[in-house]
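[1] Compute the structure for the input listed below.
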Amino acid sequence: MRTVDNPASADQGLWNKLGTDLALMRRLAGMMLFYWTKGRRIRAAYRRCEASGETFWVDEASPERGQGST
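    Got it, this is the predicted structure:
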């Protein structure tokens, strides 16, 4: 199981721990921003395809169109 703490974290000073915590907070904020922006567009496109009975291709390259075709 992955955790934020590691065995060496007890030896770190306060400022190093705060820096690690701020880096983690930035990463989580970036993930939330991605989920709310691009993730919302992906979910909307999926719902449109689902409603019309089409297949939703996550990688945007369907086998019918060929690899890399637009």
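[2] What distance do you get for the most centrally placed residue in the chain to T37?
    Central residue of the chain (Cα atoms, centre = their mean): M31, 5.3 Å from the mean position. The gap separating M31 from T37 is 11 Å, by Cβ to Cβ, to the nearest Å. All C-beta spots, glycine's among them, are computed from the backbone N, C-alpha and C.
[3] in this protein, which segments are predicted with low confidence?
    Along the chain, the parts satisfying pLDDT under 70 run over 1-10, 60-70.
[4] Specify the helix with the largest residue count in it.
    Secondary structure of the chain per DSSP state H: the longest helix is helix 14-36.
[5] Could you identify the helix or strand that succeeds it?
    helix 38-52 (DSSP states H and E).
[6] what angle sits between that next one and helix 14-36?
    30 degrees (axes from the mean of the first three to the mean of the last three Cα atoms, to 10 degrees).
[7] contacting residues around helix 38-52?
    Residues from elsewhere that reach helix 38-52, judged by Cβ atoms under 8 Å, 6 or more residues apart in numbering: T55, F56.
[8] Could the C-alpha coordinates of that helix be exported in PDB?
    C-alpha atoms of helix 38-52 as PDB (Å, rounded to 0.1, in the frame of the first residue of the first chain):
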ATOM      1  CA  LYS A  38     -11.400  17.800 -19.200                       C
ATOM      2  CA  GLY A  39     -13.000  14.900 -17.400                       C
ATOM      3  CA  ARG A  40     -16.400  16.700 -17.700                       C
ATOM      4  CA  ARG A  41     -16.000  17.000 -21.500                       C
ATOM      5  CA  ILE A  42     -15.000  13.300 -21.700                       C
ATOM      6  CA  ARG A  43     -18.100  12.300 -19.600                       C
ATOM      7  CA  ALA A  44     -20.400  14.500 -21.800                       C
ATOM      8  CA  ALA A  45     -19.000  12.900 -25.000                       C
ATOM      9  CA  TYR A  46     -19.500   9.500 -23.500                       C
ATOM     10  CA  ARG A  47     -23.100  10.200 -22.600                       C
ATOM     11  CA  ARG A  48     -23.800  11.500 -26.100                       C
ATOM     12  CA  CYS A  49     -22.400   8.300 -27.600                       C
ATOM     13  CA  GLU A  50     -24.300   6.200 -25.100                       C
ATOM     14  CA  ALA A  51     -27.600   7.900 -25.900                       C
ATOM     15  CA  SER A  52     -27.200   7.500 -29.600                       C
END
